[in-house]
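Colleague: next come a sequence and a model predicted from it.
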There are 2 protein chains.
Amino acid sequence: MIPHPAFSVDPWSVGETELNLDVLAQAESVFALSNGHIGLRGNLDEGEPHGLPGTYLNGFYEVRPLPYAEAGYGYPEDGQTVVNVTNGKIIRLLVDDEPFDMRYGRLLAHERVLDLRAGVLRRATDWESPARRRVRVSSVRLVSFVQRSVAAILYEVEPVDASTRIVVQSQLEANEPMPPMSRDPRAAAVLAAPLESEMSVARDQRAMLAHSTRASGLRMAAGMDHEIQCTGRYGSLIESGPDLARLTITTDLEPGQTLRIVKYLGYAWSSRRSLASVRDQVDAAVAEAHHTGWERLLAGQRDYLDQFWRCGDVELDGDAELQQAVRFALFHTLQAGARAERRAIPAKGLTGPGYDGHAFWDTETYVLQALTYTAPDAAGDALRWRHSILDFARERARLLNLQGAAFPWRTIRGHECSAYWPAGTAAFHVNADIADAVARYHAASEDDDFMREVGTELLVETARLWRSLGHHDADGMFRIDGVTGPDEYSALSDNNVYTNLMAQRNLRAAAEAAEQYPDPAAALGVDHEETAGWRDAAKTMLVPYDERLRVNPQSEGFTRHEKWDFANTPEDHYPLLLHYTYFDLYRKQVVKQADLVLAMHLRGDAFAEDDKARNFAYYEALTVRDSSLSACTQAVMAAEVGHLDLAYDYFAEAALMDLDDLEHNTADGVHIASLAGAWIAAVAGFGGMRDHDGRLTFTPRLPPALRRLSFGLGFKGRWIRVEVTHDQARYRLRSGPPLQTSHHGQPMTVTTEEESVLPIPDAPARPRPSQPPGREPARRRAPLRWVAPSASVPSVSSPNPPEGATP
Amino acid sequence: MIPHPAFSVDPWSVGETELNLDVLAQAESVFALSNGHIGLRGNLDEGEPHGLPGTYLNGFYEVRPLPYAEAGYGYPEDGQTVVNVTNGKIIRLLVDDEPFDMRYGRLLAHERVLDLRAGVLRRATDWESPARRRVRVSSVRLVSFVQRSVAAILYEVEPVDASTRIVVQSQLEANEPMPPMSRDPRAAAVLAAPLESEMSVARDQRAMLAHSTRASGLRMAAGMDHEIQCTGRYGSLIESGPDLARLTITTDLEPGQTLRIVKYLGYAWSSRRSLASVRDQVDAAVAEAHHTGWERLLAGQRDYLDQFWRCGDVELDGDAELQQAVRFALFHTLQAGARAERRAIPAKGLTGPGYDGHAFWDTETYVLQALTYTAPDAAGDALRWRHSILDFARERARLLNLQGAAFPWRTIRGHECSAYWPAGTAAFHVNADIADAVARYHAASEDDDFMREVGTELLVETARLWRSLGHHDADGMFRIDGVTGPDEYSALSDNNVYTNLMAQRNLRAAAEAAEQYPDPAAALGVDHEETAGWRDAAKTMLVPYDERLRVNPQSEGFTRHEKWDFANTPEDHYPLLLHYTYFDLYRKQVVKQADLVLAMHLRGDAFAEDDKARNFAYYEALTVRDSSLSACTQAVMAAEVGHLDLAYDYFAEAALMDLDDLEHNTADGVHIASLAGAWIAAVAGFGGMRDHDGRLTFTPRLPPALRRLSFGLGFKGRWIRVEVTHDQARYRLRSGPPLQTSHHGQPMTVTTEEESVLPIPDAPARPRPSQPPGREPARRRAPLRWVAPSASVPSVSSPNPPEGATP
């Protein structure tokens, strides 16, 4: 078993059993709660010690200038950065005048548990102050999946040995001082004191602060209300100022007496609505939360998650750590998207300020793959967000001298925020990735309203982009030159295979949608000439092939480039981008992340089987996985071509990306796409699920270490459950009419009546491909047993304890 | 005749006959005086009105941070910007209390003349103040070619009608307020008040100011002394403060009386020497200038230029305007390099702050081509500057994971200052351009000391760069991938023909130098294995060729890219880089400036004759000449393949780049490379001079409009003079042993005894190639007659008037 540095292993929760200041910020990301609308980092209730305080509202950002030493036409002049908004999580505690701070005194016991079924973060601490006053503090925190503007905290404190003077300060605090961030370009820029006070109100046990941002002109309000239960007498005081609202509760408690506070938090924000309107919205949210009450908030949370897990849970037998990790991954994927509702799903969700809070292509390509089959409404809403920024994308296309829509490489509100265009704007594949997600969501949901309202337009405008971006050469082939594919260690190449194949799918999907949904297509001015042009471009799409090596060059000419000198690259020079220039990386055969291999997953229908195996081996030897987006895709393709052990290693890497902090930047948020990738590795990798052209097919095969894999998928109004062991796979519909699919190429019909049980053929025997020296994935050894969390989580703070196995 | 907006036409001078405020800054660049060591823009003596005040010292710069919205490994963090130093040109005049300012009152006559033989700027103004006091003001200004730290001004004022109170303030002024500069990325960043006072001294009629820069830590001092002749009584007052030293002269003059002031200026600067040392140096320079005296400074200037013109003059019969322009061009080329002496020759010389005062590859490729054959010491010194920055270049190569030396794309002191690497650092050809200039200078000068001291090392270190930058492919061909050639509308391409051919020459030259100069080569650790590696790489160098089109793609794949949609590009969208994104430009067939065509000039030995004609026609249709570096090269190759009229048009464009302000940025300095290009167009274009592998050859041919071309070249200790008419060419040595050369492929020996007179064969008849619509060069119509300047330049202010024809 690999020793686990920070978190305990349990099938349905992630816990810490001691306070480790070295991984404080990492734990705050792992323990972050979000519903996609609002997000609270897992900061301690008392605010300090902290790694990085964080409270985020989806789409709430500040504008900052993007500086250039040498400017150029079309360079974006303004960036957008997620803002740490008013912190409503803070509940400070004084114990006989001593601030409750776990860095001082004696920490007798401490545990935090993220409960993946209850959807709460529990905390229990037994602490003795420097003056030897001992208290037990426990809390339960949730961000409601049901009431999207609401978070709530149950906070309890009791003295252990002696009568103790207790002061609790429950706060709203704006413009918190932030620790300095690293100079790593991936870390977000810090904006100091980004909020300007517009209003502060306090009455009874309620308070509200309203602020706006200077440059982006967004307005937000945060409100709180409280329920207090105290076995002793207590006093309370409410007060508010521009950046601080505070309810102070004072009491003297005897051992056995408890102060119990429920804090209801509401957030509202808008770019347009008045201060009064936003104020009223937040007051209403808090009032509704108070009306719902703590227990019903908890119950609603549990119901929401029960339903999610019932359909989407992935079960793994044989590797407890990965069982935990894949559920943790699905949980955070859900948290990122559940209630995003026509706002973006950022690369780090709402768990930290990494990547400036921007959304990239991996939302569509990774996160929406998982959500389409497990939480389809969230996937549809994310694509409706893309539709809502179409006007910016059309404007960007015009600026780039192109037709249709050019979606931004990175953004919050919809404007291009990428200041380095060879790895940004030139990575046009984001447009095909969006189209791919539209086609996938449409095939899985059969949501005609979606297609009429947004889907057709997204497909048409992206198809127009490709048609204007490419051109026919003298041989009549359709070329797309000078673009950047997924691999960020190459740029500005001709005929990137991934890009061309995804554009091909985009063009075809648009032509089909125009046929299937003639009204929206006509409204966009699509005629038969235009769809014929798309079909022709798709049909003549150039896909380079190296006849000598019998592999696809990732882009034209790639296989003729010099190979990276891996033998003389020291291990501490990874990630390469921090130790070598882009100039050097771009011109050599070295791959940051799956590119051609990702094409073989998403467009597997465009490759011959033996080319896939050769391609996979060729790119394995070049891929350094300096991106968190790579391992899951390598897992999928390793499994497909028969390297099941290797797939298992990559699956573990994707699933443990954040729990083991493999990229060393979990501190600024978890990697939602890699977490979704853990689901992809399980379902598309070992489950062998493919969805080319809207047909579900399966080629399941387990690695030796796993005994059983089970997963569920929603598809065309059905829920299908697949259970895989070494010998056989069982398919069953939970609901809906029979579904045509296939198992290892053999057609079959899955029904609700009867399980289809089919044998699994042996994997083709191929030598395990090699990776660059030192970049091999860690060889996975499954843990032998569960590591149970310590028993100290008190049930008193867990009114709705885990119920055993999920349905 | 093309109406000339700003300047009068004369074979040996450039003049203005009225004050045109619209072209004030342009005129300041055209009238700038420099010796390559110090440079004074042609600002009016009284300081205002001005376009852009400018006084520059070669190598004197300030450091400024280079900001990046997304930083990357190896991006330079600091830039260098030329500083406008203490202005010693200012001589203010009060006429009966009214400031002499040509914007007010009545300007009865005004003329300025840049005298290309005397090396002075003359000025004569007849002005009536708003209070109706009329004065004549004249001045002569020089920057000494002989005493490199010295400039001098003769200033005379006399009243015309009535007794007039005259006050003259002769000043040194530091930290002048600067007008705001444009946002054009090509214009230099303005640094406000860059100088910190260290000392100011004034005594008698002398004063000195010393300053240093904050960030770069450079120290400078400017000193002045005066000779005053006044027919009336006068008083004077000297004073100084931190940023101002001033000699005030007060007198009352009757009509016919004259106040005559000679102002001697000295400049000194250093990065190392003490304040006392720099102070003493400037005092010594001023004392020496005073000792030499005005007349002898003038005479020395004339002698220096007589010698230059005797050897290097280019005579043109049939186009007076171009006769003037080509001499103007040679004059500025000389001014930029004459006394640069191991400092850089910036792209704009010392005539303005354009391009931040940086030197680029065009110094070697354009400016040194001309200087090698007309002022060889200046060429050698410029290469010694390159040698002096070898350590920075070695360091840069290490940072880029390369061997040898990687010279900066743009710099003042030697550090890479290019913040946009695809068009900067990736343009590695600068290294081969330097090597080419070394080989050319060596062949022309046979300067063994140079080769032992600097030349061999420059060749070896650049050859090492190429050897490590390229690699052999599976066919054994040597490839150089992912670099940027001269055309800045393409970037990061594989096997750029220009780059590969120039690298080939570089590798061969290094191997030859290592053989010829074994001692310095051995000291650098060069052995036979290494030279064999260079020769092999040179021999197997890949030069892409498109068999279908039978042309060379500029870089691999170029001819398969989409052609730019010239038909739908509005005329006001040029230069394209200000109206289209780099993304769009890079991926299409559109050429900013000669690239493959430049390869055909400099490596004409590597192309078949019919390929040259086809290539030329192919790239003509794609080249938009958004760079001033293009026209001269197009002139050379147009002449070679027989398009003599077209060559004439391009020659005119190159020669008139600044006089007609064709790029609209002459305001921030003249384009030294394009001016040198006018010489190249004449000598290599119509003279057909080539110097491949150190052999001079000629294929002269005149366009119909020119009757005669005559030029001189210094070569291997000889001076050869070539005179070309439509029918024949005459070759004669002015000095030295016989020289083997060739005329239109026919070997000949040129001697001092006898002219070789050879007939000129007809040019091959080929259809005139087409250019992108609207980007055709202006069809040249030669002016029918001289336009003489008006007669108002008074001889009184011209103690050493033009003497007629040059020797």
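Modeller: Perfect, thanks for sending it. Residues are numbered from 1 along each chain as shown, chains lettered A, B, ... in the order given.

Colleague: report how many residues lie close to residue A:43.
Modeller: Residue A:43 has 26 neighbouring residues, counting by other Cβ atoms under 10 Å in any protein chain shown. Heads up, the C-betas are built off the backbone N, CA and C, glycines and all.

Colleague: what sits against the closest residue to chain B within the stretch 301-450 of chain A?
Modeller: Nearest residue of the stretch 301-450 of chain A to chain B, counting by Cβ to the nearest Cβ: residue A:419, 3.2 Å away. Neighbouring residues of residue A:419 by Cβ atoms under 8 Å, 6 or more residues apart in numbering or on different chains: A:66, A:68, A:75, A:76, A:79, B:68, B:69, B:70.

Colleague: and if you look at residue A:639?
Modeller: A:647, A:685, A:686, A:688, A:701, A:703.

Colleague: next up, the contacts around the fourth one.
Modeller: Right, the one you point to is residue A:688. A:639, A:640, A:697, A:698, A:699, A:700, A:701, A:744.

Colleague: helix or strand: which one has the second one?
Modeller: Think residue A:640. Residue A:640 is part of helix A:631-641, with elements assigned from DSSP states H and E.

Colleague: hang on, the earlier thing: reformat the contacts of residue A:639 as JSON lines; add pLDDT and secondary structure.
Modeller: Shown next, in JSON lines, are the contacts of residue A:639 (pLDDT from 0 to 100; DSSP: H, G, I helix; E, B strand; the rest coil):
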{"residue": "A:647", "pLDDT": "98", "secondary structure": "helix"}
{"residue": "A:685", "pLDDT": "98", "secondary structure": "helix"}
{"residue": "A:686", "pLDDT": "98", "secondary structure": "helix"}
{"residue": "A:688", "pLDDT": "98", "secondary structure": "coil"}
{"residue": "A:701", "pLDDT": "98", "secondary structure": "coil"}
{"residue": "A:703", "pLDDT": "96", "secondary structure": "coil"}
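
Colleague: biggest separation within those residues, which pair?
Modeller: A:688 and A:703 (12.6 Å; Cβ to Cβ).

Colleague: and which of the contacts of residue A:419 is nearest to residue A:476?
Modeller: Nearest to residue A:476 among these, with distances taken as Cβ to Cβ, is residue A:75, at 35.6 Å.

Colleague: can you report how many residues lie near the closest residue to the closest one other than its chain neighbours?
Modeller: Nearest residue to residue A:75, sequence neighbours excluded (Cβ to Cβ, 6 or more residues apart in numbering or on different chains): residue A:68, at 5.9 Å. By other Cβ under 10 Å, 20 other residues sit near residue A:68.

Colleague: residue A:68 bridge partners, please.
Modeller: residue B:68 (DSSP bridges).

Colleague: ok, residue A:126 next?
Modeller: Bridge pairing for residue A:126 - DSSP bridges - gives residue A:109, residue A:136.

Colleague: that one: how many residues sit nearby?
Modeller: 18.

Colleague: which element is residue A:348 on?
Modeller: Element membership for residue A:348, per DSSP H and E: none, as it lies in no helix or strand.

Colleague: ok, the residue lying closest to it once chain neighbours are set aside - contacts?
Modeller: Nearest residue to residue A:348, sequence neighbours excluded (Cβ to Cβ, 6+ apart): residue A:669, at 2.8 Å. Applying Cβ under 8 Å, 6+ apart, we find residue A:669 in contact with A:29, A:32, A:347, A:348, A:349, A:351, A:352, A:353, A:354, A:355.

Colleague: so which bits of the stretch 501-650 of chain A are right by chain B?
Modeller: Neighbours of chain B within the stretch 501-650 of chain A, by Cβ under 8 Å from any Cβ of the partner chain: A:548, A:556-557, A:560-562, A:577-584, A:586-588.

Colleague: just the buried residues of these.
Modeller: A:556-557, A:560-562, A:577, A:580-584, A:586-588 (16 or more other Cβ atoms under 10 Å in any protein chain shown).

Colleague: for residue A:590, see how far away the most centrally placed residue in chain A is.
Modeller: Taking Cα atoms, centre = their mean, the centroid of chain A lies closest to residue A:672, which sits 2.0 Å from it. Distance of residue A:672 to residue A:590, given as Cβ to Cβ, to the nearest Å: 26 Å.

Colleague: for the stretch 151-300 of chain A, what are the low-confidence residue spans?
Modeller: Scanning the stretch 151-300 of chain A with the threshold set as pLDDT under 70 gives A:180-190.

Colleague: re earlier: restricted to strands, list the residues of the stretch 501-650 of chain A next to chain B.
Modeller: Using DSSP state E, A:562, A:588 are the members of these that sit in strands.

Colleague: please flag which of the residues of the stretch 501-650 of chain A next to chain B sit within helices.
Modeller: If you go by DSSP state H, those have A:582, A:583, A:584, A:586 in helices.

Colleague: ok, the second one - contacts?
Modeller: Residues in contact with residue A:583, defined by Cβ under 8 Å, 6+ apart, are B:74, B:400, B:421, B:425, B:426, B:482.

Colleague: what separates it from residue B:480, distance-wise?
Modeller: 12 Å.

Colleague: for stretch A:132-147, buried residues please.
Modeller: For stretch A:132-147, by 16+ other Cβ under 10 Å, it's A:133-147.

Colleague: write out the residues of the stretch 51-200 of chain A neighbouring chain B.
Modeller: Checking the stretch 51-200 of chain A against chain B by Cβ under 8 Å from any Cβ, the hits are A:66, A:67, A:68, A:69, A:70, A:71, A:72, A:73, A:74, A:79, A:183, A:185.

Colleague: much appreciated, bye for now.
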